[in-house]
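# Pasting a predicted model and its sequence here:
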Amino acid sequence: AMCDDIGAAAYDPQAVASALLEALVLAEAERPAYVRLDKLRERWGVPTDECSCGEEYVAQLAEERFTGDVQRAATTLLKDFRSGSLGRLCLEWPAEGQGEER
């Protein structure tokens, strides 16, 4: 659902956007070379580190940028991720020892 492999009627955009953000934050913490969330922060002006979970981030994004419309915020976040508007982001990385930056 994050990558738009299944139809929109088959999932809840709010839940998927929340899970996406949590996956990105985790990936940035573990492998900063693979995920940089500065584009997300620049684009929307909502810092990811002030939210305790993805659901809270989507709600805050909705309040600050989409007049409280959580559905629209979630859909837009997913669209931005899928289109590459948030930059190059990697949710999966090579196994330990493969592709490590030195």
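On my side now, so go ahead.

# thought Leu78 was touching Ala17?
Yes: counting by C-beta atoms under 8 Å, Leu78 does reach Ala17; the two are 5.4 Å apart. C-beta coordinates here come from the backbone N, C-alpha and C atoms, glycine included.

# so after the helix or strand bottoming out on mean pLDDT in the chain, what's the next helix or strand?
Every helix and strand in the chain was compared by mean pLDDT, DSSP states H and E; the lowest is helix 38-44, with a mean of 87. Going down the chain from helix 38-44, the next helix or strand is helix 54-65, by DSSP states H and E.

# List the contacts of that next one.
14, 17-22, 25, 44-46, 48, 50-51, 68-70, 72-74, 77 (C-beta atoms under 8 Å, 6 or more residues apart in numbering).

# repeat that with 6 Å
The contact list for helix 54-65 (C-beta atoms under 6 Å, 6 or more residues apart in numbering) reads Ala17, Ser18, Leu21, Glu22, Trp44, Val46, Cys51, Gly68, Asp69, Val70, Ala73, Ala74.

# Would you check the distance separating the least confident helix or strand of the chain from the middle of the chain?
11 Å (C-alpha atoms, centre = their mean, to the nearest Å).

# For it, buried residues please.
When neighbours are counted by 16 or more other C-beta atoms under 10 Å, the buried residues of helix 38-44 are found to be Leu40, Trp44.

# okay, Leu78 and Ala17: which has more neighbours?
Ala17 (28 against 21; other C-beta atoms under 10 Å).
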